[in-house]
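**Student:** sequence and predicted structure below; questions after.
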Amino acid sequence: MKYLPRALVGLALLFATLFTITSPAADAPIPATSETLAQHDTRLQWWREARFGLFIHWGVYSVPAGQWQGKPIWGGGEWIMNCGQIPVADYQQLPAQFNPVKFNADDWVKAARDAGMKYIVITAKHHDGFAMYPSKASKYNLMDWSQYRGPDPLAALKAACKKHGLLFGIYYSPLEFRISPNGFGRKEDAEAIANGFRYSSLGPKPYASNADVVKLAQAQIKELAEAYQPDIFWFDGTWDQMGNWTEDDARQAERAIRTAAPNCVINNRLGTGHADFNTIEGKLPAHPPAGVWEYCWNLGVFWGYNPRNYELKNVNTPEHYIETLVKTASLGGNYLLNVGPDPTGKFHPLAVDYLTKIGQWTRANGECIYGTSGNPLPEKPDWGYLTCRPGKVYLIVKDWPAEGKPLPLPALKSQPVRAYFLTDAEKIPLKVIKQENAWFVMPTGNKPEQPFTVITLETGDLQAAAN
Ligand code: GLC
């Protein structure tokens with residue numbers, strides 16, 4: 001990799017580490033309500049079955065698209081204000097250039113649906129402070145501070161989700177780059193400024209104090225919950241041991257959400273100390289993490305729009321994203337894949353192409369993903385991945401055996417009832433043989449063209465289990 005991606009990967013890893021260290025565990029996922037475990041399970045059922053969602057990072061940072069004053073900015077996506085040390089007064093000019101006339105909520109949601117995604121999560125406000133909806137709590141919003149006169153994107157996306165059968169989620173960060181480099185005024189901020197960090201010391205400061213920032217966040221969280229009643233509230237930006245955003249603030253926000261949208265599913269980054277699910281970012285663990293969780297990462301290296309994302313050195317192959325979905329499902333989690341739309345309101349053509357290719361696979365093979373549990377065995381097979389549901393184990397084959405060689409089956413209590421290709425409508429049985437106490441499937445025909453061919457193994461009422 002060239003210097004830029006390496007720098008970005010470094011940044012990404014730093015964030016990932018930060019979150020791994022500071023994210024409270026959600027082993028005890030009961031929210032601070034009178035909800036029982038059974039009620040909690042029921043409320044989360046749709047989300048656990050959904051397995052695959054679309055993350056959308058969209059804001060005025062898509063206008064500079066990773067460049068400031070003609071120079072590429074290290075880390076220049078939605079963090080460009082911070083990474084480029086852009087003065088507040090300059091950054092606040094961006095909304096005037098933001099006019100996404102090509103935005104069409106239906107197109108986005110259909111692209112997600114066709115990729116096999118079951119929900120979306122859209123950034124309502126990122127750390128730059130700009131609200132992408134008509135906020136009553138702050139004039140610094142899409143309708144009051146830009147030329148855009150189209151529909152409210154959040155309302156339009158929620159309606160499109162309803163129409164196409166997806167669930168709707170809102171991302172919100174209480175953090176504010178406009179008050180300090182790291183969001184809330186911290187000791188480190190003073191040091192950073194003393195060491196030459198410029199932007200928060202230049203230009204008008206929109207807030208007198210951190211308390212104002214918290215007040216704004218509370219007001220916006222409440223108005224978002226009431227106006228859109230989202231299915232998911234996805235928090236971010238509270239990692240700094242929350243600075244002035246305390247656990248009490250988080251609980252107050254949670255109460256506002258539960259009052260307006262009682263079934264809403266909330267991630268652990270809100271900072272209440274309990275959560276419906278944990279966010280894992282950047283790197284999938286080798287073994288299933290505890291609790292209910294979701295893995296999120298980008299298509300490419302940037303969250304917010306940056307055309308460099310789509311240069312082939314920065315983006316992986318469609319197979320990689322299919323494998324990430326498979327791997328995540330085999331570990332028992334959900335996968336939230338991010339796309340950052342451009343300032344006109346369109347997904348990059350390469351993103352559309354990738355989503356289409358992922359969709360070709362999920363349409364044919366979705367049975368081994370949605371509503372399944374992860375690998376029932378302690379280890380994954382060398383040739384690929386396993387998922388399961390009662391009576392069935394799915395063998396998701398990445399490395400096909402050499403011609404004429406059998407595929408070693410995971411350790412089973414007894415002989416499987418039958419095995420067949422998941423996509424074979426006639427379920428023509430594949431030969432299952434036993435050699436030295438182990439079971440093998442003999443694949444027939446040529447090596448499949450498609451990556452990640454799935455064999456369904458019917459185990460009757462038996463579950464796969466280590467011998
Ligand atoms: C990290 C990034 C942030 C992004 C988030 C998504 O927090 O800093 O920009 O929105 O990851 O998980």
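**Tutor:** In hand now; what should we look at?

**Student:** quick check: phi and psi at Q218.
**Tutor:** Dihedral pair for Q218: phi -60, psi -40, per degrees, to the nearest 10.

**Student:** tell me the SS of M143?
**Tutor:** Reducing the assignment to helix, strand or coil with DSSP: H, G, I helix; E, B strand; the rest coil, the entry for M143 is helix.

**Student:** OK, contacts around the one residue in the stretch 301-450 of the chain that gets nearest to the ligand?
**Tutor:** Using CB to the nearest ligand atom, the point where the stretch 301-450 of the chain gets nearest to the ligand is W303, with a distance of 4.8 Å. (Glycine included, C-beta is placed from N, CA and C.) By CB atoms under 8 Å, 6 or more residues apart in numbering, the contact list for W303 reads 55, 57, 77-78, 338, 340.

**Student:** how about G165?
**Tutor:** Contact criterion CB under 8 Å, 6+ apart gives R113 as the residues in contact with G165.

**Student:** may I have the phi/psi pair for W74?
**Tutor:** The phi/psi pair for W74 (degrees, to the nearest 10) reads phi -60, psi 130.

**Student:** count residues in the vicinity of it, would you?
**Tutor:** W74 sits with 16 neighbouring residues when counted by other CB atoms under 10 Å.

**Student:** rewinding a little: now, which of the contacts of W303 lie close to the ligand?
**Tutor:** Checked against the ligand using CB under 6 Å from any ligand atom, the contacts of W303 yield the following neighbours: 57, 78.

**Student:** by neighbour count, which of the contacts of W303 wins?
**Tutor:** Comparing the contacts of W303 by number of neighbours (other CB under 10 Å), G77 comes first, having 29 neighbours.

**Student:** contact residues of this protein facing the ligand?
**Tutor:** For the chain, the residues in contact with the ligand under the definition CB under 6 Å from any ligand atom are 15, 57, 78-79, 236, 281, 296, 303.

**Student:** can you do 5 Å?
**Tutor:** Residues of the chain lying close to the ligand (CB under 5 Å from any ligand atom) are 15, 78, 236, 281, 303.

**Student:** domain ranges for this protein?
**Tutor:** Here the domain parsing of the chain from automatic domain parsing is 6-368, 384-458.

**Student:** any idea which of those domains is most buried?
**Tutor:** Ranked by average neighbour count under the criterion mean count of other CB atoms under 10 Å, the domains of the chain are headed by domain 6-368 at a mean of 19.

**Student:** so how far is that one from its chain's centroid?
**Tutor:** With CA atoms, centre = their mean, to the nearest Å as the basis, the distance from the averaged C-alpha position of domain 6-368 to the chain average is 8 Å.

**Student:** ok, back up a step: secondary structure and distance to P390 for the residues of the chain next to the ligand - can I get that in JSON lines?
**Tutor:** What follows is the residues of the chain next to the ligand, written out as JSON lines (DSSP: H, G, I helix; E, B strand; the rest coil; distance: CB to CB, whole Å):
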{"residue": "F15", "secondary structure": "helix", "distance to P390": "38"}
{"residue": "E78", "secondary structure": "coil", "distance to P390": "42"}
{"residue": "D236", "secondary structure": "coil", "distance to P390": "36"}
{"residue": "E281", "secondary structure": "strand", "distance to P390": "32"}
{"residue": "W303", "secondary structure": "coil", "distance to P390": "38"}
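
**Student:** closest one to C368 out of the residues you listed, please.
**Tutor:** E281 (24.9 Å; CB to CB).
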